[in-house]
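[1] Just need the structure, nothing else, for what follows:
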Amino acid sequence: MENNEFPQTAERILKAALMGLAKWTNEHVSLDDYLDQDVAPELRPPVSSMLFEYFRNKALVDRIVDSKCARVPKPRYQRLLKMTTTQCFFQSGIRAESAVNVAVDLARQNYGKSASGFINGVLRNILRTGLDEYQKAAAGNPLSRFPRILQKRWKQVFNAGELQLMSTALTQEAPFTFRLTGELSEEELDLIKAVKLPEFEWAPNMVFFSTDDCKELFRQNFLSTGRIYIQDPATALAPCMVEIKGGERILDMCAAPGGKALILAERLKGSGELVAADRSDKRQELTRENFENRNLNCKIIVGAATELRFPAESFDIVLADVPCTNTGVFRHKADALWRFNKASLDDTLKLQLSILEKAAELVAPGGKIIYSTCSIEHEENQTQIEEFLTNNTNFRLLKQQLLLPTSSHDGAFAAIMVKK
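    Numbering: from 1, shown residues only. Alright, predicted model coming up:
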């Protein structure tokens, strides 16, 4: 151990990760919500890293632990074994032997001598076997890290090359990306070690960067002064797909924290009218802050998308960036894949369709609906559009596009429908 504080810090990190996994399992709390609400700021980076690495490698870690247990352990023992296995094989911040020692000590303090002996035996056995042996069993299956329900679905839809790209993306931490919403000098870009990304065809004239030095970026005032916006390139698909001539009345129905609405406001260039709605009062505070920091005009309101009270046919463009299963953003929400099931999909489809129907009511003749998700599921995207058009013959499809997740960007879908 490097110093006397190391064991205590390592134990605090492990405890926080275990609590996060318990809340995710038992209370259906998302990782983002847990990290935002329950983790001390100084612990957030290592706890976030551990939890996200676990969910990126959940299928493999679970198989490893299960293979070394003669019977199913108690849930609290399972969580400890899985978190520590994640540390041993997928993290570099702590030596494997040290991670095991911390886990065994924690088990002894909280569960007793017998439990600590069990934890110690299983973890030492896992380390003796080594990661390579476990990975051999998954060789040749690019989807082995995904939940079985998604493996089955995706094999029916995507080709081998697409599946390999998605598998590679899942194993990598998402790069920290941002786009310019103001100006940064070359010296400022060098200071935060910014690397300019190639232009994405779905986001013309938008300049995206990545950086490995998030700490320095946040030490500067680039974000608070509106000179950058932290955003994945795929989020620009929907707001850039629609033609904007100037002077349009635009509604973003599910806007918070305002990333897509900002792009729409920029493209309006001070003309027309933009309304950003969202059901979350707290998240709309972020939307308001984002617009104020960039001196952009927007009417910000709080209200559920299906309950918005505007006169019929009030808008020329309505963006319906609907709630979805998030299967396209696993680089940022790795735990979302493990929530996916048929029941939740069906509920999500109903909500999406009800929001689309509301959008149809609010858009003017000749106006357009932009339908958008961060899912790659056919039912939420192409099939949803087909059903809407079948039920609403006064609309026609203008265009649609699906982005599959890669190491460079998240997945996304967008479609434009025009009202006849």
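[2] Please enumerate residues in contact with stretch 211-231?
    176-184, 188, 191-195, 208, 259, 262, 290, 293-295 (Cβ atoms under 8 Å, 6 or more residues apart in numbering). Just so you know, the C-beta spots here come from the backbone N, C-alpha and C atoms, and that holds for glycine as well.
[3] Are any of the residues you listed buried, and if so which?
    Burial by neighbour count, 16 or more other Cβ atoms under 10 Å: within the contacts of stretch 211-231 this picks out 176-181, 184, 191-192, 194, 208, 259, 262, 290, 293-294.
[4] Keep only those of those residues that are in helices.
    Mapping the buried ones among the contacts of stretch 211-231 onto helices (DSSP state H) picks out 191, 259, 262, 290, 293.
[5] could I get these as CSV with pLDDT and distance to H28?
    CSV is the format used below for those (pLDDT from 0 to 100; distance: Cβ to Cβ, whole Å):
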residue, pLDDT, distance to H28
L191, 97, 41
G259, 97, 25
L262, 98, 31
N290, 96, 29
N293, 95, 34
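[6] check contacts around H332.
    For H332, the contact set (Cβ under 8 Å, 6+ apart) comprises 174, 232, 410.
[7] any idea how far L308 lies from K196?
    Spatial separation of L308 from K196 under the definition Cβ to Cβ, to the nearest Å is 39 Å.
[8] quick one, which of these two is more surrounded?
    L308 (20 against 11; other Cβ atoms under 10 Å).
[9] Now do that one, the pLDDT please.
    pLDDT, L308: 97.
[10] OK, contacts around the residue lying closest to it once chain neighbours are set aside?
    Of all residues not flanking L308 in the chain, A277 sits nearest, at 5.7 Å (Cβ to Cβ, 6 or more residues apart in numbering). Residues near A277 by Cβ under 8 Å, 6+ apart: 251-255, 300-303, 305, 308.
[11] most surrounded residue in those?
    D252 (32 neighbours).
[12] how far away is that one from K282?
    D252 is 17 Å from K282, by Cβ to Cβ.
[13] contact partners of the one helix or strand L397 maps to?
    Element membership for L397 (DSSP states H and E) is strand 395-403. Applying Cβ under 8 Å, 6+ apart, the contact partners of strand 395-403 are 202, 234, 237, 241, 328, 360, 368-369, 376, 381-382, 385, 388-389, 409-420.
[14] Stretch 257-266 too?
    By Cβ under 8 Å, 6+ apart, stretch 257-266 touches 181, 206, 229, 231, 235-236, 238-240, 244, 250, 252, 255, 274, 276, 283, 286-287, 290-291, 294, 296-298, 317, 319, 321, 372.
[15] What number of residues are in the vicinity of K136?
    9.
[16] For T171, see how far away it is.
    Distance from K136 to T171, by Cβ to Cβ: 16 Å.
[17] Show me where the stretch 151-300 of the chain has its helices.
    160-170, 186-191, 214-219, 237-241, 259-268, 281-293 (DSSP state H, counting those that start in this stretch).
[18] starting at the chain centroid, how far to stretch 104-111?
    Chain-centre distance of stretch 104-111: 34 Å, with Cα atoms, centre = their mean, to the nearest Å.
[19] Just the mean pLDDT for stretch 329-345, thanks.
    So the average pLDDT for stretch 329-345 ends up being 95.
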